[in-house]
Every structure is written in C-alpha cells, then in structure tokens.
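Novice: predicted structure and sequence below. I'll ask about it afterward.
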Amino acid sequence: MTNPRPGLVVWDVDGTLIPADLRWMRRAVARTYGLAESAVVFPTAKVHGYTDESIVIDTAVASGIDEQAAEAGLIHFSGHLASVMEQGREELARDQPAYPGAKETIRLLHEAGLVQTVLTGNLRPAAEMKLATAGLDKYIDWRIGGFGSDARDRFDLPDVIRRRYADVLGHPLDPDTTVVIGDAANDIACARHAGFRVIAVTHRVTREELAQHDPDAILDHLSAPDVVATVSRLIGKA
C-alpha cells in the first residue's frame with residue numbers, strides 16, 4: 001500500500017477496541033448531579049454508539065433530574081469524569097483491557113501504510129486515557145479524530161474528521177478509502193451517513209443482528225490479518 005494518499009481507518013473505542021463499561025459514566029453522573037450511584041438510572045434505549053453528552057442528559061433525566069438542570073449541570077461532567085477515571089486507573093487496566101488482536105491489528109494497519117484515528121462518543125480525554133491504558137494509542141492520530149466533546153450528535157463527527165484530516169494532511173479526505181470499524185448499529189449508520197466503508201465486529205452483537213444494518217463486512221474478532229485484508233479489499237488496495 002504505497003499511495004501518497006493512504007487509506008484511513010477510523011476506530012470506535014468502547015466495544016470495538018476495549019470492552020464497554022458504564023461505571024465511569026455512572027460515577028461521574030452521580031457526582032455531577034449530587035446523586036447516589038445507586039440512584040443513577042440509564043435510559044431504556046441503548047446507550048452504545050451515542051455520545052457521552054447525549055447519554056449524560058438522558059441518564060440525568062431518567063434519574064429524576066429535570067431537563068433544565070440536566071443541561072445546566074453538564075458543564076461539570078467532564079471534570080468529574082476525568083477525576084473518577086484517574087482514581088480508577090487500576091480498574092480500567094484490569095477490567096477494560098484491549099480485545100484480543102487489537103494491538104496487533106493496529107500495528108499491522110500502520111505497517112500497511114494506513115492512517116488511523118478514532119470516531120467515538122467519548123470525550124477526548126477519556127478516549128485518550130482508555131487507549132493509553134490499554135496500550136493501543138501508539139499509532140492513533142489524535143489530531144484528526146472525532147470525539148463526543150466535539151459534537152453531541154455522533155452523526156456530526158465524520159465532518160469533524162473531514163475538516164481535521166484536510167487541515168493536518170493537506171488534502172481532502174476520500175470517503176471511498178475511509179473505513180470505520182465499530183461494533184454497534186449506530187456505528188454502521190454513522191459511517192453510512194458519511195459515505196464511509198464500515199466493518200462491524202461481533203464483540204457485543206450477533207452477526208445476524210449486525211447484518212440487518214448492512215455493513216460492508218462482519219468479523220467475529222480482531223484477527224489482524226483478516227482486518228488488514230478486509231480493509232484493503234474495501235478501499236481497493238488488495
């Protein structure tokens with residue numbers, strides 16, 4: 001893959017590179033709104049594949065906070081989240097390690113000449129801490145990523161990546177050579193909305209359920225050779 005304009009792999013974080021865990025959200029929401037952790041109620045709709053800020057508001061309201069107070073308190077959430085994650089670094093390392101094959105996959109994609117970044121509902125500091133703790137941050141270009149701290153609607157994040165990619169790399173992002181790797185229906189929908197290719201991994205959702213959302217490929221796990229081969233095929237560099 002020796003191309004002056006290499007392909008771009010855009011990683012989701014929770015459920016794709018590391019297991020998802022809502023404990024940090026629960027603790028930070030509790031501190032933000034003065035609730036007991038046991039009183040924090042997540043909304044009945046799935047929270048995976050959405051941005052942290054949208055989840056915080058919905059969770060606060062579901063936990064009995066009126067919407068105006070939920071919005072007003074949001075400004076304090078990022079500080080509380082950073083605090084609970086820093087205090088829980090050992091838990092983070094123990095309970096959210098890299099999925100098998102993740103580190104090798106990122107390395108092989110880098111060696112194949114592909115640029116890599118993230119599109120995640122996490123606030124940027126949280127995403128950086130999670131991947132650094134899991135040892136997955138070495139080849140991630142944070143300068144061009146899209147984060148929950150950039151927009152509340154996940155569907156706005158591909159445009160953030162487009163702008164940053166062009167600014168940093170000096171040429172427009174080609175959606176035909178951009179591949180999102182995620183694990184949730186909303187990852188697929190977001191990629192499709194942007195015109196990107198998309199690979200779904202069955203870490204949390206069955207192959208049959210993911211297939212209903214028509215990703216370009218479905219993988220059962222992060223086998224580095226399989227991921228590299230699939231990405232290469234999708235961007236026409238096989």
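Specialist: Perfect, I can see it now. Numbers count the residues shown, from 1 in each chain.
Novice: all helices of this structure, in order?
Specialist: Taking DSSP state H as the test, the helices found in the chain are 23-33, 52-62, 67-73, 77-87, 89-95, 102-111, 124-133, 157-169, 185-194, 207-211, 224-234.
Novice: mean pLDDT, distance to Asp14 and mean neighbour count added to these, as TSV?
Specialist: C-beta: built from backbone N, CA, C; applies to glycine. Shown next, in TSV, are those (pLDDT from 0 to 100; distance: least, Cβ to Cβ, whole Å; neighbours: other Cβ atoms under 10 Å):
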stretch	mean pLDDT	distance to Asp14	mean neighbour count
helix 23-33	97	10	21
helix 52-62	94	10	21
helix 67-73	97	22	14
helix 77-87	97	13	17
helix 89-95	96	12	13
helix 102-111	98	12	19
helix 124-133	97	8	20
helix 157-169	97	15	17
helix 185-194	95	10	21
helix 207-211	97	16	14
helix 224-234	97	18	18
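Novice: and the ones you listed: which comes nearest Thr177?
Specialist: Nearest of the helices of the chain to Thr177, taken as Cβ to Cβ: helix 224-234 at 8.6 Å.
Novice: by contact count, what packs against the closest one?
Specialist: Helices and strands touching helix 224-234, as assessed by 3 or more Cβ pairs under 8 Å, 6 or more residues apart in numbering; DSSP states H and E, comprise helix 102-111, strand 178-182, strand 197-201, strand 217-219.
Novice: quick one: strands adjacent to the third one?
Specialist: Looking at strand 197-201 with DSSP bridges, its partner strands are strand 178-182 (parallel), strand 217-219 (parallel).
Novice: and those as a markdown table, adding mean pLDDT and mean neighbour count?
Specialist: Formatted as a markdown table, those follow (pLDDT from 0 to 100; neighbours: other Cβ atoms under 10 Å):
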| stretch | mean pLDDT | mean neighbour count |
| --- | --- | --- |
| strand 178-182 | 98 | 27 |
| strand 217-219 | 98 | 19 |
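Novice: could those strands go into CSV alongside distance to Thr16?
Specialist: Shown next, in CSV, are the strands paired with strand 197-201 (distance: least, Cβ to Cβ, whole Å):
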stretch, distance to Thr16
strand 178-182, 5
strand 217-219, 11
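Novice: which of the ones you listed sits closest to Glu53?
Specialist: Among the strands paired with strand 197-201, the nearest to Glu53 by Cβ to Cβ is strand 178-182 (19.0 Å).
Novice: which residues sit against the closest one?
Specialist: 7-12, 15-16, 49, 119, 187-188, 190-191, 194, 196-201, 216, 227, 231, 234-235 (Cβ atoms under 8 Å, 6 or more residues apart in numbering).
Novice: just the C-alpha atoms of stretch 121-136, please, in PDB.
Specialist: Listed next in PDB are the C-alpha coordinates belonging to stretch 121-136 (Å, rounded to 0.1, in the frame of the first residue of the first chain):
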ATOM      1  CA  GLY A 121     -18.800   9.200  21.700                       C
ATOM      2  CA  ASN A 122     -16.100   9.500  24.400                       C
ATOM      3  CA  LEU A 123     -14.900  12.900  25.400                       C
ATOM      4  CA  ARG A 124     -11.300  13.200  24.000                       C
ATOM      5  CA  PRO A 125      -9.500  12.900  27.400                       C
ATOM      6  CA  ALA A 126     -11.500   9.800  28.300                       C
ATOM      7  CA  ALA A 127     -10.700   8.200  24.900                       C
ATOM      8  CA  GLU A 128      -7.000   9.000  25.200                       C
ATOM      9  CA  MET A 129      -6.900   7.600  28.800                       C
ATOM     10  CA  LYS A 130      -8.700   4.400  27.800                       C
ATOM     11  CA  LEU A 131      -6.500   3.600  24.800                       C
ATOM     12  CA  ALA A 132      -3.200   4.700  26.500                       C
ATOM     13  CA  THR A 133      -4.100   2.400  29.500                       C
ATOM     14  CA  ALA A 134      -4.800  -0.500  27.100                       C
ATOM     15  CA  GLY A 135      -1.600   0.100  25.200                       C
ATOM     16  CA  LEU A 136      -3.400   0.900  21.900                       C
END
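Novice: I'm done for today, thanks for sticking with me.
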